[in-house]
Every structure is written in C-alpha cells, then in structure tokens.
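Visitor: Just a sequence and a predicted model for now, questions to come.
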Amino acid sequence: MSDIALTVSVLALVAVVGLWIGNIKVRGVGFGIGGVLFGGIIVGHFVDQAGVTLSGDMLHFIQEFGLILFVYTIGIQVGPGFFASLRVSGLRLNLFAVLIVIMGGLVTAILHKIFAIPLPVVLGIFSGAVTNTPALGAGQQILRDLGTPVDLVDQMGMSYAMAYPFGICGILLTMWLMRLIFRVNVEAEAQKHESSLANGHSLIQTMNIRVENPNLNNMAIQDVPILNSDKIICSRLKRDDTLMVPSPGTIIQAGDLLHLVGQPTDLHNAQLVIGKEVDTSLSTRGTDLRVERVVVTNEKVLGKRIRDLHFKERYDVVISRLNRAGVELVASSDASLQFGDILNLVGRPASIDAVANVVGNAQQKLQQVQMLPVFIGIGLGVLLGSIPLFVPGFPVALKLGLAGGPLIMALILGRIGSIGKLYWFMPPSANLALRELGIVLFLAVVGLKSGGDFVDTLTQGEGLSWIGYGIFITAIPLITVGLLARIFAKMNYLTLCGMLAGSMTDPPALAFANNLHATSGAAALSYATVYPLVMFLRIITPQLLALLLCLFAGGLAIYGYLRWLRNEKAMRLKEDLPYTHSLLIISVILMIVAVIVMGLVLYAG
C-alpha cells in the first residue's frame, strides 16, 4: 500500500472511531466533534505500537488545510452578525465574555510562571481548558513560527487532550454552581426574560398608533421627522375601512391608524409624537394587500441600496423589515442588499410578485455554492495571515497565521456580502459540511501525532498535573465572571448560562443550557450574541499569550525559553535590555486594557 493510501486509510479509521466516541452522550452531554481527537489518540497509540510510519508532510498539509477550512467557514457564518454583536445592545454580554477570555490568559500566565510549564504544553492546556480547537491550531502555528522543535509542538496536542474533558464538564459545573449559590428558580428567570423582551430591548417590533396630534393633520409622511427617518418604517395605513400601503407623499389625517416597525425606543418616541397606541388590527386579511417574505438572489441588485431600487414608487410595495443571517433589522433606505437577505414585503399580490422577480426569490440558488469566492477568500486569508507584524525588540515577527488570517478575511467578506457578481453567502448545509470536514481532518491528525506518547504521559509523566492546571484555567474565569455578572449586573440566569457557553464556544454547554428551560430562548440568544467576537479572540489569544506571560516574567522568561530552544548561550543583561523594555511596555499596555475592560463591565452592568 502506498504512503498516500495508508495515510488516508488511517485518517478514515480515526474519523470513524472519533465520531462514534463523539456520539456517546451521558445525560445529553458528549464530546461531539471533539471525540475525533480521542479517536486519533487511540488509533495513534496502536499505530505507534505496530511501528507503522505515516507521511509526515502529508499529515502536516492535511492538518493545516483542515484548520483553514474550519476557521474560514466559521468566519463566513458569523461575519454578518459579528459587527452587529458589538453594538450597544450586546455590549454588556460581550464585555463579560471578553473578560473571561482575558482572565483565562492571565491564569495561564500565572501557572506558567509558578510551575515553569513549557510554553507548548501550557498553550495546549489553555486551548483544551477552553474547549476551543481553533486555538490549538493557532498556538501550534505560532510555535512553528518561533522555531519550536516539532516534537515540542506535538506536545501541545497531547496537553490539549488532557485538559479538554474537564473543559466541557467545568462549564456545566459552573452553571450548576451558579444555580445553587443564588437559589435560582429557572421558571421565574424564563418569565423575567420574556418580560424583558416584551419591554423591547433591542428587538424589532411593531406598533399600531392612531394619529391624534392635530399638528400632523394633513401633513405628508415625509414631512413628519419621526416617520421620515431610517429608524421607523410605516408599512400600512388604515383610514376608515380602507387599508393602504403609504408612500412618503401620503397625507395623514387625524384618526388614521399607522402600522409602524422599528426598535422599541423609537416606536415609543413615535407614539409620543403621533398619538395613542391602539389594539386595533391592521391585518391584511380580507383586503387586497398581502404580506410576503422574499429572498434576495439576483446578482444584479446585490450591493444596491433599498432607496435606489424605488420599490414604493414603481410597485407600491414597502419593505417593512429585513432579515440578514437570522438578525431582524429595520429596512432603512440606506441598507444595501446582500445575497440571502430576506425581505418582508407589504403590497398588492401582483406588485409583490413583480418585486420578487426583481430581487430574484429563487430558493434553489440558496442551495448552490459559488466555489470561486470560496477559494478567493481562502487565498486572501492565507496571504493576510502571512503578513509579518514587527514588534520592536521581539525576536520574530508576529503573524495572524493560517488560523487568524482566513478567519479575519472571512469575517470581512461575510460582512461585505458581495462584490459585483461575487457573493460570499454559503448555504448553511454546505457551510456545516465544509466546517465539519475541516475540523475532523485537523483533529484526526492532532490525535494521531499525540497518540504515541499519550498513555505514558498520563500514567508515568505529568498528565495528571496537566489536568489539574486545566481545571484552574477553566474554573477560575467562569466562576469569577459568573459571580460578577449575577451580583453586580443582575444578569438573568438563563442569559448567563448562554453567555458562559458562548465564552467557551462550546455547543454541548449550549445544549445543556437550552435544556434548563424547554421554551425559553434566552441561553441561545446570549450564546449567539457573544459567539462571533469570542471565536475571533480565542483564535488570536494563543499568539498573544506569549506577550501576556510577560506580565509575570518581565520579558526574561520568554527570552530565555526561546534561547533555550535554539541551544544558545544566555546573553548578558546589558544586551537583554532593549528586548526586555519592549516586552514590559507591551505588558503595561495589556494590563491597562484588562483594567479598562473590567471597568466597562461594571459600568455596563
């Protein structure tokens, strides 16, 4: 059997064993895709015992390509919502999640200093303790850039596997501990969450208002400032028994009923200006109007602003709202259309059909994948990750690497949506397939490389101590931030659980949080809010962790470690000063950032 055939066969065996392990669940919680890592360790152990040699170059290529596929598809998936999650509505949740990431790095740095844990090992423990596989890939990438020997880089995968199991269990235990400490009534928390949604925090809602302000009588809608802004959409107007689709030039009269769409605070302001909220239905049933959702699939309208398409003037149709990547938005006139956008239209049937033809509304296109943008995005991401960032006094240039570069590029392209006829929308099924394929390939290779020495490390080496270090990295940030969020910010328990799961980008933990209450979507909402930013931070953290270690080592520990890797003699302190000063400056900056984040968290609470 050729080397290629042998390597592919072994990888297939690893995937089968690992996915089977991942499907084993105890009380609804399992390793999921992480089981592939343990499948690789098991197969790798027996492959090593049998003396079988696999192609190192091929394994390295498969590992890196799998990582690129994984992080790129994640970026495309979360890109449209990434920047939206940084808005004020999600500020508090994101600040707490960022604090968990920062504290995890600080705990790792302290353990590294106190117990003199080798850098590859501590980065692996950190990645496993936070259950983030892309962090493992990013850490291995920077270690190779630093010139770390291959055998030490492989230790990172082994320490990752040691810390991973408690990383999953630790999140669940933290949720249980928060519930025990604060004696949480889950049903009451769910009701509070629903009440907060009803009060309209950052959700698109509707309101029917009767015009009672005499100053607005016989005024055109476009002359009423609150109605002429992009914050409010007036999608229907009812006068007597006639329901119509209003245009900017429509004259409103006292007693008219307006159906408005917008943010709760904006709707409240409109109600204060216009008149009184009423319960009267403005349903299109029994009228010549209808409401329909259509999807944007026509390349000719991609990137065009809603106002430039003149739907109201040409077709007498109003776009009442826009759904992009699962996020409901007010259809402001300045909004540019992206492939896959879902438009909520109000108008007459023939007019809606005409608009649907303009925007495409071809459902079959949503299942097609444009492969050209995929490879353009991956290529640009690899180039971005290869750009060196020179820090004065630092021995090597920092890079985003094959994990950070494709991720950031995918976030940007996902946010842009389209350039000309190229669009970066990817059907969810295709995105999931490529993402799962990538992570399976990556974990399979990591497991195979770690399997040979795994058993000896666990039984005769430092495996148990690595597990202990991982427990600290998992538990301390989660428990600390959980207490802060509950005590100072009075955060809803279900929202807190979703935020904790999102801060670890851990789907099994989200499943556990969702099962706390059968109908509440609080956990899923907070998880989705913090996930994009946290995933980005988790991937770049291993590259920045070397700088964070300077908070405790004063720059000399990393310098000495790198010198040791190169088997060079220690330099005199006089020669070390420029390097040390540079790292100390970076350390001070990072410390200030941590303090600012803590202050913002408490202020936002």
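Guide: Alright, I've got the coordinates.
Visitor: Which of the residues in the helix or strand containing residue 171 are classified as buried?
Guide: Using DSSP states H and E, the element containing residue 171 is helix 150-181. The neighbour-count check on helix 150-181 (16 or more other Cβ atoms under 10 Å) flags 153-175, 178-179 as buried. For every residue, glycine as well, the C-beta is placed using N, CA and C.
Visitor: what's that helix packed up against?
Guide: Using 3 or more Cβ pairs under 8 Å, 6 or more residues apart in numbering; DSSP states H and E as the contact criterion, the elements in contact with helix 150-181 are helix 35-49, helix 119-129, helix 133-145, helix 428-459, helix 463-487, helix 493-503, helix 507-514.
Visitor: can you give me the angle that helix makes with helix 133-145?
Guide: Following axes from the mean of the first three to the mean of the last three Cα atoms, to 10 degrees, one obtains 150 degrees for the angle between helix 150-181 and helix 133-145.
Visitor: quick check: mean pLDDT across helix 150-181?
Guide: With pLDDT averaged residue by residue, helix 150-181 scores 83.
Visitor: need the helices and strands packed on helix 150-181 in JSON lines with mean neighbour count, mean pLDDT and distance to residue 350, can you?
Guide: Supplementary listing: the helices and strands packed on helix 150-181 in JSON lines, determined by neighbours: other Cβ atoms under 10 Å; pLDDT from 0 to 100; distance: least, Cβ to Cβ, whole Å:
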{"stretch": "helix 35-49", "mean neighbour count": "23", "mean pLDDT": "86", "distance to residue 350": "53"}
{"stretch": "helix 119-129", "mean neighbour count": "29", "mean pLDDT": "90", "distance to residue 350": "57"}
{"stretch": "helix 133-145", "mean neighbour count": "25", "mean pLDDT": "77", "distance to residue 350": "50"}
{"stretch": "helix 428-459", "mean neighbour count": "21", "mean pLDDT": "82", "distance to residue 350": "32"}
{"stretch": "helix 463-487", "mean neighbour count": "20", "mean pLDDT": "92", "distance to residue 350": "53"}
{"stretch": "helix 493-503", "mean neighbour count": "29", "mean pLDDT": "90", "distance to residue 350": "44"}
{"stretch": "helix 507-514", "mean neighbour count": "22", "mean pLDDT": "70", "distance to residue 350": "43"}
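Visitor: would you list these in CSV and tack on distance to residue 388?
Guide: Supplementary listing: the helices and strands packed on helix 150-181 in CSV, determined by distance: least, Cβ to Cβ, whole Å:
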stretch, distance to residue 388
helix 35-49, 31
helix 119-129, 20
helix 133-145, 9
helix 428-459, 24
helix 463-487, 29
helix 493-503, 30
helix 507-514, 34
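Visitor: so which of those comes closest to residue 112?
Guide: Residue 112 lies closest, by Cβ to Cβ, to one member of the helices and strands packed on helix 150-181: helix 119-129, at 4.7 Å.
Visitor: who does that closest one touch, helix- and strand-wise?
Guide: Under the contact definition 3+ Cβ pairs under 8 Å, 6+ apart, helix 119-129 sits against helix 91-115, helix 133-145, helix 150-181, helix 463-487, helix 522-548.
Visitor: Using TSV, please lay out the ones you listed together with distance to residue 122.
Guide: Converted to TSV, the helices and strands packed on helix 119-129 look like this (distance: least, Cβ to Cβ, whole Å):
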stretch	distance to residue 122
helix 91-115	5
helix 133-145	9
helix 150-181	8
helix 463-487	7
helix 522-548	8
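Visitor: of those helices, which approaches residue 441 most closely?
Guide: For the helices and strands packed on helix 119-129, distance to residue 441 was read as Cβ to Cβ. The smallest value, 11.1 Å, belongs to helix 133-145.
Visitor: The closest one vs helix 428-459, what angle?
Guide: 60 degrees.
Visitor: ok now helix 133-145, how far from the chain's centre?
Guide: On the basis of Cα atoms, centre = their mean, to the nearest Å, helix 133-145 sits 19 Å off its chain's mean C-alpha point.
Visitor: ok and that helix relative to helix 35-49, angle-wise?
Guide: Using the same axes, to 10 degrees, helix 133-145 lies at 50 degrees relative to helix 35-49.
Visitor: what's residue 178 in contact with, if anything?
Guide: 184, 482, 483, 486, 493, 496, 497 (Cβ atoms under 8 Å, 6 or more residues apart in numbering).
Visitor: same thing but at 7 Å, please
Guide: With contact set as Cβ atoms under 7 Å, 6 or more residues apart in numbering, residue 178 has these partners: 482, 486, 493, 496.
Visitor: And these, which two are furthest apart?
Guide: 482 and 493 (9.8 Å).
Visitor: roughly how far apart are residue 400 and residue 387?
Guide: For residue 400, the distance to residue 387 under the criterion Cβ to Cβ, to the nearest Å works out to 7 Å.
Visitor: Just give me the residue right at the centre of this protein.
Guide: Relative to the mean C-alpha position of the chain, the nearest C-alpha, by Cα atoms, centre = their mean, is the one of residue 532, at 1.9 Å.
Visitor: isn't that one right next to residue 77, touching?
Guide: No. Taking contact to mean Cβ atoms under 7 Å, the distance of 8.8 Å between residue 532 and residue 77 leaves them out of contact.
Visitor: for residue 486, what are its contacts?
Guide: Going by Cβ under 7 Å, 6+ apart, residue 486 touches 178, 182, 496.
Visitor: Could you rerun that using 10 Å?
Guide: By Cβ atoms under 10 Å, 6 or more residues apart in numbering, the contact list for residue 486 reads 178, 181, 182, 184, 492, 493, 496.
Visitor: Assumed the fourth one was part of a helix.
Guide: No. According to DSSP: H, G, I helix; E, B strand; the rest coil, the state of residue 184 is coil, so it is not within a helix.
Visitor: still on that earlier bit, residue 400 and residue 387: who's more crowded?
Guide: With neighbours defined as other Cβ atoms under 10 Å, residue 400 and residue 387 compare such that residue 400 has more, 25 against 11.
Visitor: The more buried one: what's its closest spatial neighbour, skipping adjacent residues?
Guide: Taking Cβ to Cβ, 6 or more residues apart in numbering as the measure, residue 400 lies nearest to residue 385, with 4.3 Å between them; neighbours along the chain are not counted.
Visitor: Tell me the helix or strand right after the helix or strand the one you found falls within.
Guide: For residue 385, the element it lies in under DSSP H and E is helix 371-386. Helices and strands here follow DSSP H and E; after helix 371-386, the next one along the chain is helix 401-416.
Visitor: Return the mean pLDDT over that next one, rounded to an integer.
Guide: Throughout helix 401-416, pLDDT has a mean value of 81.
Visitor: which secondary structure elements does it contact?
Guide: The helices and strands touching helix 401-416, judged by 3 or more Cβ pairs under 10 Å, 6 or more residues apart in numbering; DSSP states H and E, are helix 56-82, helix 133-145, helix 371-386, strand 422-423, helix 522-548.
Visitor: Run through the residues that contact the residue nearest to residue 400.
Guide: Counting by Cβ under 10 Å, 6+ apart, residue 385 touches 68, 71, 138, 141, 399-409.
Visitor: that older thread, name the residues of the helix holding residue 385 that come out as buried.
Guide: Counting neighbours by 16+ other Cβ under 10 Å, one finds that the buried residues in helix 371-386 are 373, 374, 376, 377, 378, 380, 381, 382, 384, 385.
Visitor: Just give me the closest of the residues you listed to residue 254.
Guide: Using Cβ to Cβ, these come closest to residue 254 at residue 373, 53.0 Å.
Visitor: so how far is residue 6 from the closest one?
Guide: Remark: distance between residue 373 and residue 6 (Cβ to Cβ) = 35 Å.
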